[in-house]
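Enquirer: Got a predicted structure here, sequence first:
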Amino acid sequence: MVTELTDTTIDEFVKNNRVAAIDCWAPWCGPCRRMGPIVEEAAADLAGRAGVAKLNVDDNQKTSLKYGIRSIPTVLLFRDGALVDTHIGLIMKADLVGLIEELL
Amino acid sequence: MNADVVVIGSGPAGLQAAISSSRKKADTVLLGKPSNSALSGTEIENYFGLAGVTEGDVLLSNGTSQAEAFGCRVIRQNVLGASADGDAFTVEIESGEKITARSVVIATGVSRNKLGIPGEKEFFGKGVSYCADCDCNFYRGVPVAVIGGDSAAAEAAKLLSGYASKVYWISEGPIADARLVAEAAEAGAEAVRGAPAEIVGTSGAEAVVLKSGARIPVNGVFIELGGRSSADIAMDLGLMPEADDTIKTDPNGGTSVRGVFACGDITGRPWNVAKAVGQGAAAGMSAAEHSRR
C-alpha cells in the first residue's frame, strides 16, 4: 500500500527520503485512477531505494498551490529535499521508475 | 432502447463488427460519427481485393450501408458515458437516449486529442489541459477557453461553467447534438466562432489567439476534441485500459470484462485497416454469440 500524504506530512516524507516521488491525484480523475496501480508497482520495485507516495489534491490544496499544480496526475520528484522535476500526465511504469532511478 | 449488441465507433473495425454481429442475427446498434474515423478523408491502396486507390469515405459509406442492410441500427452520435449493471451494459448518447445491451464492442480507435498549435505543448500543465473532469477544480474563478466542436467540448464547457468565472467555447461551429449545445449555453458558456492559431503567455497560458487575430484572455485552455475518450468509456464499463490507452484482447476480441469486446486501433499497433476489419469480424461474431448466452 502506497503512503497517502497530506499537506502536513509531505514535508517530513520529502525530508526522510533522499529521493521521493509523489503522485498528486484526485478520485474523480480517470487518468489518476489508472495511475494508481502503476504507482503501487513502482513503489514496490523501488522499496528501500526511494520513497514513493500519493497525495490527494482535493483534500490537500495547500500543496497544489505551493507547487503550482494545475493538471493531474502530476508526479513531483524530489532529491535531497528539493523539487528537481515534475511529470504531468499518465506515465507507463517503466518510465516512472526510470525517472526516479535517474535521481538515485 | 434495448439491443443485443452495441458497437461504439464507426470506423472500419466498428463497421465490420456491426456487419458481423447483425449478420449473425443479433439486434445491433452502431454508435459514432464516421467523420471521426481516421479513415475519413484518406485514401487506401493496400486493402485486399480493392484495385487502385479507394477513398476512405467511400469505404465508410459502403460499410455503413452494408451494416444497415443486415438490420443494424446506425446512430450517428457520440457516447457520453456508459455503465455496467450485472450482465448488462447501458450506454448514453448525445441525445440523452440510453441503450442497454448484453454485449458492447469498443471500436473507438485512437483519439486525436492534440491541436498542434504553438503554445500548446509549452503550456501543458500550466494552463493547457486535455481533461476538464480532472482539472476543472484548479480553475475556480478565472476565465477559461474550451476548444473543440464535438460532444466532449460541449460537456467540458458545461462542466467548467460551474467553476470558471467565464467560459469561452471556441469552435468553427459545434457539431455536438443540439441538446448538448443548448445545455452548455444555458450553463453560461459563450460560444466563439473561430479556429485557434496560438496559445500565448509567460509562465502560464494567458490567452488564445484565433486565426482571425482575435485574442481571448484566459488562464485555462481545455482542448477537448471528439467524443468521450476510449479510455474513459472502457473504465465506465469496468475495464482498465493499459497506460498507453490500449485495451488488451484475446483472439476473439474478448477483454477482461465478460461481454465487453474491443477491436481496431484501440487494441494497439499496427494501425491498419485490414487488421481492424479482421478484428472487427471476430469481435462482432463473439459479441453476437455472447448476447445469446
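Expert: Thanks, I have it.

Enquirer: What are the contacting residues of the helix or strand hosting residue B:168?
Expert: Using DSSP states H and E, residue B:168 sits in strand B:166-171. The contact list for strand B:166-171 (Cβ atoms under 8 Å, 6 or more residues apart in numbering or on different chains) reads B:143-149, B:153-154, B:157, B:160-161, B:184, B:187-194, B:196, B:208, B:210, B:216, B:218. Quick note: C-beta positions are derived from backbone N, CA and C, even for glycine.

Enquirer: For chain A, what lies in contact range of chain B?
Expert: Residues of chain A that fall close to chain B, judged by Cβ under 8 Å from any Cβ of the partner chain: A:26, A:28-34, A:37-38, A:57-58, A:64, A:68-74, A:86, A:88-93.

Enquirer: can you tell me which of those are in helices?
Expert: Among the residues of chain A next to chain B, DSSP state H puts A:30, A:31, A:32, A:33, A:34, A:37, A:38, A:64, A:93 in helices.

Enquirer: what number of residues lie near the first one?
Expert: Here the count is done by other Cβ atoms under 10 Å in any protein chain shown, and residue A:30 has 19 residues near it.

Enquirer: related to what we said a few turns ago, may I ask which two of the ones in helices among the residues of chain A next to chain B are separated the most?
Expert: A:64 and A:93 (24.4 Å; Cβ to Cβ).

Enquirer: how near is the closest residue to residue B:75 other than its chain neighbours to chain A?
Expert: Once flanking residues are discounted, residue B:75 sits nearest to residue B:31: 5.4 Å by Cβ to Cβ, 6 or more residues apart in numbering or on different chains. Look at residue B:31 and chain A: by Cβ to the nearest Cβ, to the nearest Å, they are 20 Å apart.

Enquirer: Residue B:31 reaches residue B:10, doesn't it?
Expert: Yes. Contact status for residue B:31 versus residue B:10: in contact at 7.2 Å, counting by Cβ atoms under 8 Å.

Enquirer: which of the contacts of strand B:166-171 count as buried?
Expert: B:143-149, B:153-154, B:157, B:160-161, B:184, B:189, B:191-192, B:194, B:196, B:208, B:210, B:216, B:218 (16 or more other Cβ atoms under 10 Å in any protein chain shown).

Enquirer: what's across from the spatially most central residue of chain A in the sheet?
Expert: A centroid search over chain A (Cα atoms, centre = their mean) returns residue A:22, at 1.5 Å, as the residue closest to the centre. As for beta bridges, residue A:22 partners with residue A:53, residue A:76 under DSSP bridges.

Enquirer: Next up, the contacts around it.
Expert: When contacts are taken as Cβ under 8 Å, 6+ apart, residue A:22 is in contact with A:5, A:10, A:13, A:14, A:52, A:53, A:54, A:55, A:75, A:76, A:78.

Enquirer: same thing with residue B:67?
Expert: Applying Cβ under 8 Å, 6+ apart, one finds that residue B:67 lies in contact with B:15, B:18, B:19, B:22, B:28, B:30, B:74.
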